[in-house]
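A.B. asks: okay, structure incoming, though there's no sequence with it:
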Ligand SMILES: Nc1ncnc2c1ncn2[C@@H]1O[C@H](COP(=O)(O)OP(=O)(O)OP(=O)(O)O)[C@@H](O)[C@H]1O
């Protein structure tokens, strides 16, 4: 438990369905700070880096099509224990299984194909946050705020 930063992406479905504000509001209401924020369009290269562990999966081409299919919002969010807290706010990978009250449980919609569209991404560990932040913000690195003495 410490001051941390996490990477949040509002994925193309979250942007297309009008949930940028909902995600930001939940983060702000929880008392976390948005250190950086931009609208961006993912490149194939960024996705290969971001989902490096999944590149060999049979569903990777579907993730790539979905994630490069429209604009996203990328954010660096900071706060005490923010990584675990935002993961809990995010909810389970499949929105159909995500608990009500989580972002995926509340804003995920049904889809007709096999592509999981789940509104947002959030870093799952400090190691992931360190790795992911510079992929989406090349001029930034993991740099949590110093706690007040
Ligand atoms: N079995 C699957 N079939 C189709 N797509 C999948 C499957 N498993 C994962 N994905 C896709 O890959 C993404 C990354 O999977 P991961 O296991 O890292 O889940 P996550 O950490 O909940 O999601 P994310 O990394 O996007 O925040 C998921 O968000 C989803 O879009």
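C.D. replies: Everything's here; your move. Fair warning: this is a prediction, and the values are worked out from it, not measured in the lab.
A.B. asks: spell out which residues of this protein are next to the ligand.
C.D. replies: The chain comes close to the ligand at residues 54, 59, 63, 93, 114, 116, 118, 121-122, 124, as judged by C-beta under 6 Å from any ligand atom. Yep, even glycine has a C-beta here, placed from its N, CA and C like the rest.
A.B. asks: now, which of those lie within helices?
C.D. replies: Secondary structure defined by DSSP state H assigns residue 63 of the residues of the chain next to the ligand to helices.
A.B. asks: buried subset of the residues of the chain next to the ligand?
C.D. replies: 63, 116, 118, 121-122 (16 or more other C-beta atoms under 10 Å).
A.B. asks: so residue 104 versus residue 74, what's the distance?
C.D. replies: 18 Å (C-beta to C-beta, to the nearest Å).
A.B. asks: roughly how far does residue 29 sit from residue 89?
C.D. replies: Residue 29 sits 10 Å away from residue 89 when distances are taken as C-beta to C-beta.
A.B. asks: equivalent analysis for residue 82, please.
C.D. replies: If you measure residue 82 against residue 89 using C-beta to C-beta, the figure is 10 Å.
A.B. asks: any weak-confidence spans in this protein?
C.D. replies: Across the chain, nothing is flagged by pLDDT under 70.
A.B. asks: what about the helices in it?
C.D. replies: Per DSSP H, the chain has helices spanning 12-16, 20-29, 44-50, 60-67, 82-90, 103-107, 126-136. These are given in chain order.
A.B. asks: how about those helices, which one is nearest residue 147?
C.D. replies: Closest of the helices of the chain to residue 147 is helix 82-90, at 12.8 Å (criterion: C-beta to C-beta).
A.B. asks: find the residue at the geometric middle of this protein.
C.D. replies: For the chain, the residue whose C-alpha lies nearest the mean C-alpha position (C-alpha atoms, centre = their mean) is residue 121; its distance is 2.3 Å.
A.B. asks: unless I'm mixing things up, that one is touching residue 9, no?
C.D. replies: Yes - counting by C-beta atoms under 8 Å, residue 121 sits close enough to residue 9 to count as a contact (4.1 Å).
A.B. asks: okay, buried residues for stretch 32-48 please.
C.D. replies: 32, 35-36, 42, 46-47.
A.B. asks: nearest to the ligand among those residues?
C.D. replies: Nearest to the ligand among those is residue 47, at 10.3 Å by C-beta to the nearest ligand atom.
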